[in-house]
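S.K.: build the 3D model from these lines:
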Amino acid sequence: MIKIEYVRDGLVEEFHEGYWVTAKPIKGFNPDNNHNMPYFLRSCAKPLQASLLIDNQIDLEPEELAFCCASHAGEDCHIKVAQKILKKFRIKEEFLKCGIHAPLSKSMQNKMIIRGDNPTPLHNNCSGKHIGFLAICQKNGWDMATYDEPEHPLQAAVKEKIYSLCGVNEEYPMTTDGCGVPIVSMPLKNLAQGYVRLLEYPKILTSIKANPYIFGGEGRTDTEIIAKTENLIAKVGAGGLCVVLNVQECNAFVVKINDASTEARRFALFEIINRLGWGEIKYDNRIKTISGKVVGQISVSI
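M.R.: A predicted model of the protein is given here:
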């Protein structure tokens, strides 16, 4: 089990707990591989879903493919790629059913306030996934107006593909994700194994590795991990999830923080990566006052 503690003068004032699971055993470590509770994959599913873009031979440049796998921050660079893909396939923005929210990027939010701009569906962090879905529907002649419905052939194909990649042989609960499309659940170990299977889709992995900022953006933990390491692909998801794939070791681990704290998840991810020897990510675990005085530290045990 993972435990993250915020300690001031020897007193634990805040703690977070969770699990980490690996696709394959790692000598010298004891992850929670017997933890079989299912969780919804949320945005961790995006690179798995994007395998259908390759299967359907959708013509995408590396930054476009990375964008279709992304939980992006809604910055100008992301909107530019989104518009480029829509224009390429002559898909109308009105078809997107991901909904509208302000950009995840605080800098972009401020820019839009200054410019007097309102957010559009393209600013939604899931717009790349939805554009990819529409491109698949267009290629197969499927109805593009109902692509978000569970009974749609696209969603049936998505579920079948994810179950196949992750080696899932039984039914687990499904729900509607925050962006309005169906999302499956499964044990964390299956999710980790699914990411190892993405090694069969090198174009997805090389596109993400070459475009970490398009894949995430300002303040995104997965962008930070990819940019600071040589062999890692990471993907965050809501609910305290993140998957990290080591393409050299052909192995992956999943972190799940029970209370969904994104800060605790970040510390857990960096610490596990460093202890495994998968990278050397420097991070500041000191607790400071507003004026900068150090008054404690954040510790991670696994």
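
S.K.: going forward, measure contacts between C-alpha atoms and count neighbours the same way
M.R.: Noted.

S.K.: now the strands for the chain?
M.R.: 2-8, 11-22, 38-40, 174-176, 182-187, 232-237, 241-246, 251-257, 286-288, 294-301 (DSSP state E).

S.K.: and the residue lying closest to residue 77 once chain neighbours are set aside, how far is that from residue 12?
M.R.: The shortest distance from residue 77 to any residue other than its chain neighbours is 7.2 Å, reached at residue 214 (CA to CA, 6 or more residues apart in numbering). From residue 214 over to residue 12 the distance is 38 Å, taken as CA to CA, to the nearest Å.

S.K.: looking only at neighbour counts, state which of those two leads.
M.R.: Neighbour totals were compared for residue 214 and residue 12, and residue 214 leads with 28 against 14 (other CA atoms under 10 Å).

S.K.: show the contacting residues for that one.
M.R.: With contact taken as CA atoms under 8 Å, 6 or more residues apart in numbering, residue 214 is in contact with 63, 66-67, 70, 72, 77-78.

S.K.: and those residues, which is closest to residue 221?
M.R.: Nearest to residue 221 out of these is residue 72 (CA to CA; 11.2 Å).

S.K.: before we move on, back to that, for the residue nearest to residue 77, give its distance to residue 117.
M.R.: Separation of residue 214 from residue 117 (CA to CA): 21 Å.

S.K.: cool, residue 124 as well?
M.R.: 14 Å.

S.K.: the more surrounded of these two?
M.R.: Neighbours were counted for residue 124 and for residue 117 using other CA under 10 Å; residue 124 has more, 23 against 10.

S.K.: hang on, the earlier thing: right, and the strands of the chain - which one's nearest residue 157?
M.R.: That would be strand 182-187 among the strands of the chain, by CA to CA, at 11.6 Å.

S.K.: buried subset of the contacts of residue 214, written for ChimeraX?
M.R.: Entered in ChimeraX, the line below selects the buried ones among those, by 16 or more other CA atoms under 10 Å:
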select :63,66,67,70,72,78
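
S.K.: now render the contacts of residue 214 as TSV, adding pLDDT and distance to residue 227.
M.R.: Shown next, in TSV, are those (pLDDT from 0 to 100; distance: CA to CA, whole Å):
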residue	pLDDT	distance to residue 227
63	98	15
66	98	14
67	98	16
70	98	15
72	98	15
77	98	17
78	98	17
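
S.K.: export the contacts of residue 214 to a markdown table and tack on distance to residue 30?
M.R.: Shown next, in a markdown table, are the contacts of residue 214 (distance: CA to CA, whole Å):
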| residue | distance to residue 30 |
| --- | --- |
| 63 | 37 |
| 66 | 33 |
| 67 | 35 |
| 70 | 31 |
| 72 | 33 |
| 77 | 41 |
| 78 | 39 |
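
S.K.: out of the contacts of residue 214, who's nearest residue 237?
M.R.: Distance ranking of the contacts of residue 214 against residue 237, using CA to CA, places residue 70 first at 10.4 Å.

S.K.: pretty sure that closest one contacts residue 217?
M.R.: No: between residue 70 and residue 217 there is no contact, the gap being 9.3 Å when judged by CA atoms under 8 Å.

S.K.: need the residues touching each of these two.
M.R.: Counting by CA under 8 Å, 6+ apart, nothing touches both residue 70 and residue 217.

S.K.: residue 141: neighbour count?
M.R.: 9.

S.K.: kindly apply the preceding question to residue 259 instead.
M.R.: If you count neighbours by other CA under 10 Å, residue 259 ends up with 14.

S.K.: who's in contact with it?
M.R.: Taking CA under 8 Å, 6+ apart as the criterion, residue 259 is in contact with 16-17, 239-240.

S.K.: reformat the residues you listed as TSV; add distance to residue 91.
M.R.: Formatted as TSV, these follow (distance: CA to CA, whole Å):
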residue	distance to residue 91
16	44
17	44
239	31
240	33
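
S.K.: need the buried ones from those selected in ChimeraX.
M.R.: To isolate the buried ones among the contacts of residue 259 in ChimeraX, judged by 16+ other CA under 10 Å, type:
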select :16,17,239,240
